[in-house]
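# here is a sequence together with a model predicted from it:
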Amino acid sequence: MFDLLPHLLNGLTLGLLFALIALGFMLIVGLMEQINLAHGSLFALGAYFAMQLMGSRPPFPAELVKVWFAMPLGWRYAATLVIAPAAVGLVGIAIEFCMRRTYGKDPLYGLLLTFGAAMVIEETIRLVWGTRDYVLQVPQAVSGGFLFGDLIWSTYRFYAAGISVAIIGVVWLVIEKTSFGATVKAGAHDSEIVRALGINLTRLRLLVFVLGTVLAAIAGIIVAPIWGIRPHMGVDAVIPAFLVIVLGGVGSFWGAVVAGLLVGLCVGLSGAYASEWSLLSMYILLVAVVTFRARGLWGKKSVLEA
Amino acid sequence: MTITPPPSSDATRLVTPAMLVLWLVLATVPLWIAKVGLYPYLGIEILIWSLYALAFNLVLGTAGLPSFGHGAYFGIGAYAFGLCQFNVVANLWVCLVAAFAVAGLAGALVALFISHRRGIYYAFMTIAFGQIFWTLAIKSHGITGGEDGLLKIARLPADFGVASFNLNDNVAFYYFVLVLFALAVMAMWRLTHSPYGRVVAAIKQSETRAAHLGYNVWIYKASIFTLSAAISGLAGGLFAMAQLAAFPDVMSLHQSGYVVMMTLVGGGLVSFWGPVVGVFVFLIARDVIGALTNAWMLYFGLLFIAIVLFRPEGIAGAVSAAFQKHSLIRRQGNSAMRLLFGGERWR
């Protein structure tokens, strides 16, 4: 039993990361009923921006670079966690402006539009940074490992899991406990009435979409030191994100979190016995669940089924 | 009350004028393709991908089912062709039937799991199964050769009993693929315009309404998916012959996305020929823009976004809309003439 413990813990931390990756995707799908296939590319873009900021040549004017390097690594990392997602948010604004034309039409259009956007972003990444792998520097405090029970544990995994829990908590608070969240949910439920109440739904949707892209970028920065930075990381992220949402059920916050944990455990445990096939396990899990439960674990009825 | 026009007479034909023109044009391709700076192999690729995209469009365009993992069946067809050749019998017809049947079987298996789902859940189940098959293809080194692919697949001779043709030459193989393409197009045209095809189209409009009219929606959804997978597999088998190998690459999510893009860019949602138009544009753009810049996917992606935003009916739809305006004017002119001169005499 004790042999299994590391794999269980590993699976749990992985599950929290999956939940974090799916979070932005879930916001957009749950509150706007739009599938953002560019989620993975925005995730990758966040990681690349962070890598550029933390690297030896940050994209600043010369005077600012001096100030930047005068700061300790930890501060620079903290600043990166704010600047890079904000920059990705700008890309999100551009996508949302295009996406507006598809609201009210078949959700297939939004999906295809974001598929095109994903392709454009991924190609741009290849063009700017090439196809080689990069490593994201992290502060000393969260890197390295420690000994516990005769095993070496990676500090960063626990830090990443902690951050994931914190961000999931904050997003939950924003959606469930603020008037912003209430309006957004009402807008998803009945856009006509919300408009009639004098609420600027266009701006609200923009905000939700940008929040979703910012979350994608943050997830990218958090996950980058574990998965590495390469052009393909976007696809590696968007598929599990999509899977977690479908498994958890569209429109269910805790469904997505639980599904993320389940997928993580599934991949972690199957990795212990058959590492070659560990990625297959999550698809089999999905097929097993969706075959019997039409809308995933706790999904609600939505226009996406029509 | 509006009177719906009778279905165009083309719908009842086995071979339409459009098909004849297309085949005649395609038959001349080997004569001039080298002169315009392209190469005969591109012609083969266009035909095979057109077959694949037409088969895919049975699901997306005709039945309105979002399938995003169709590359799996194309790939399964390719592997089935190679494995049949190595392990069963090295006969062209047997191997092509194997490609068709094995991909159809895989499609039927998947259809069992997904045919009672709709929308996003349907879409993601197809992705999930696509990824499962792709992972299987990559990880089963012993059977498929893993990432290196299944190599040394031969272009078997086409044996008709009385005469046998060697297909090793690209031009000979091109004509062989063209004949199969023509037969498959006829079959698919008849299918989409048959009573069966009309029910499938009705399911696209409204699954609930079709079910209330007494049609067994599940059977129709499952059968059209299976058939589409089988024809995709046949295209895959031909592709294995063209490439002399089968690679897991065609089964990846990216490649499955390409066939969706080709179909939509061409206008598969509104026109039978849309997928073929899309394949032409995609593959020629790949070669022409790709010769100028490495980032041709970037420009194609931008084109794709523009089409989704401004011309969701695709190239074929835009063209037919332009024609429609013209023929509408003509029709109005005709009916005015009829009113003036009374009756059918003047037509």
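Structure received.
# from here on, just use CA atoms for contacts and neighbour counts.
OK.
# ok, the closest residue to chain A within the stretch 151-300 of chain B - contacts?
Chain A sits closest to B:Leu298 of the stretch 151-300 of chain B, with a gap of 4.8 Å, by Cα to the nearest Cα. Shown in contact with B:Leu298 (Cα atoms under 8 Å, 6 or more residues apart in numbering or on different chains): A:Met119, A:Val120, A:Ile121, A:Glu123, A:Thr124.
# any idea how far B:Val15 is from it?
Per Cα to Cα, to the nearest Å, B:Leu298 is found 39 Å from B:Val15.
# quick check: the residue of the stretch 151-300 of chain B closest to chain A is in a helix.
Yes. The assignment for B:Leu298 (DSSP: H, G, I helix; E, B strand; the rest coil) places it in a helix.
# tell me where chain A is predicted with low confidence.
The model of chain A has pLDDT under 70 over residues A:1-2, A:301-306.
# tell me which parts of the stretch 1-150 of chain A are close to chain B?
The interface of the stretch 1-150 of chain A toward chain B, taken as Cα under 8 Å from any Cα of the partner chain, is made up of A:98, A:101-102, A:109, A:112-113, A:116-117, A:119-121, A:123-124, A:127.
# can you say which of those are buried?
A:Cys98, A:Thr102, A:Tyr109, A:Leu112, A:Leu113, A:Gly116, A:Ala117, A:Met119, A:Val120, A:Ile121, A:Glu123, A:Thr124 (16 or more other Cα atoms under 10 Å in any protein chain shown).
# the residues you listed into a markdown table, with extra columns for distance to B:Gly233 and secondary structure?
As requested, those are exported to a markdown table (distance: Cα to Cα, whole Å; DSSP: H, G, I helix; E, B strand; the rest coil):
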| residue | distance to B:Gly233 | secondary structure |
| --- | --- | --- |
| A:Cys98 | 36 | helix |
| A:Thr102 | 34 | helix |
| A:Tyr109 | 28 | helix |
| A:Leu112 | 25 | helix |
| A:Leu113 | 28 | helix |
| A:Gly116 | 26 | helix |
| A:Ala117 | 30 | helix |
| A:Met119 | 26 | helix |
| A:Val120 | 30 | helix |
| A:Ile121 | 32 | helix |
| A:Glu123 | 30 | helix |
| A:Thr124 | 33 | helix |
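# make CSV from those and add distance to B:Lys221 to it.
Converted to CSV, those look like this (distance: Cα to Cα, whole Å):
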residue, distance to B:Lys221
A:Cys98, 33
A:Thr102, 27
A:Tyr109, 22
A:Leu112, 22
A:Leu113, 26
A:Gly116, 28
A:Ala117, 30
A:Met119, 30
A:Val120, 33
A:Ile121, 35
A:Glu123, 36
A:Thr124, 39
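# which non-adjacent residue is nearest B:Tyr299?
A:Val120 (7.6 Å; Cα to Cα, 6 or more residues apart in numbering or on different chains).
# which residue ranges of the stretch 101-250 of chain A form strands?
A:145-148, A:151-154 (DSSP state E, counting those that start in this stretch).
# within the sheet, what are the partner strands of the last one, with directions?
Same thing as strand A:151-154. strand A:145-148 (antiparallel) (DSSP bridges).
# which parts of the strand it pairs with are buried?
So, applying 16+ other Cα under 10 Å, strand A:145-148 has no buried residues.
# which residues of the stretch 151-300 of chain A lie near chain B?
A:242-243, A:246, A:276-277, A:280, A:283-284, A:286-287, A:290-291, A:294-295.
# got a ChimeraX select line for the buried ones in those residues?
Typed into ChimeraX, the line below selects the buried ones among those, using 16+ other Cα under 10 Å:
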select /A:242,243,246,277,280,283,286,287,290,291,294,295
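# looking at the residues of the stretch 151-300 of chain A next to chain B, which one is closest to A:Ile226?
A:Glu276 (18.6 Å; Cα to Cα).
# that closest one against B:His141, yeah?
No. In this structure, A:Glu276 is not within contact of B:His141 by Cα atoms under 8 Å, at 11.2 Å.
# assign a three-state SS to B:Val162, would you?
coil.
# thought B:Ala229 was touching B:Gly104?
Yes. Look at B:Ala229 against B:Gly104 with Cα under 8 Å: they come within range, at 5.3 Å.
# now do the shared contacts for these two.
Common neighbours of B:Ala229 and B:Gly104 (Cα under 8 Å, 6+ apart) are B:Tyr73.
# looking at those two, which is more packed in?
A count of neighbours by other Cα atoms under 10 Å in any protein chain shown puts B:Ala229 above the other of B:Ala229 and B:Gly104, at 35 against 26.
# for the more buried one, give me its contacts.
B:Ala229 neighbours (Cα under 8 Å, 6+ apart): B:Ala55, B:Phe56, B:His70, B:Tyr73, B:Phe74, B:Ala103, B:Gly104, B:Ala106, B:Gly107.
# return the subset of those lying in helices.
B:Ala55, B:Phe56, B:Tyr73, B:Phe74, B:Ala103, B:Gly104, B:Ala106, B:Gly107 (DSSP state H).
# near chain A too, which of those residues?
Of these, not one also sits near chain A (Cα under 8 Å from any Cα).
# redo the residues you listed as a markdown table? Include distance to A:Leu201 and pLDDT.
As requested, those are exported to a markdown table (distance: Cα to Cα, whole Å; pLDDT from 0 to 100):
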| residue | distance to A:Leu201 | pLDDT |
| --- | --- | --- |
| B:Ala55 | 41 | 96 |
| B:Phe56 | 38 | 96 |
| B:Tyr73 | 43 | 97 |
| B:Phe74 | 44 | 96 |
| B:Ala103 | 47 | 97 |
| B:Gly104 | 47 | 97 |
| B:Ala106 | 45 | 97 |
| B:Gly107 | 43 | 97 |
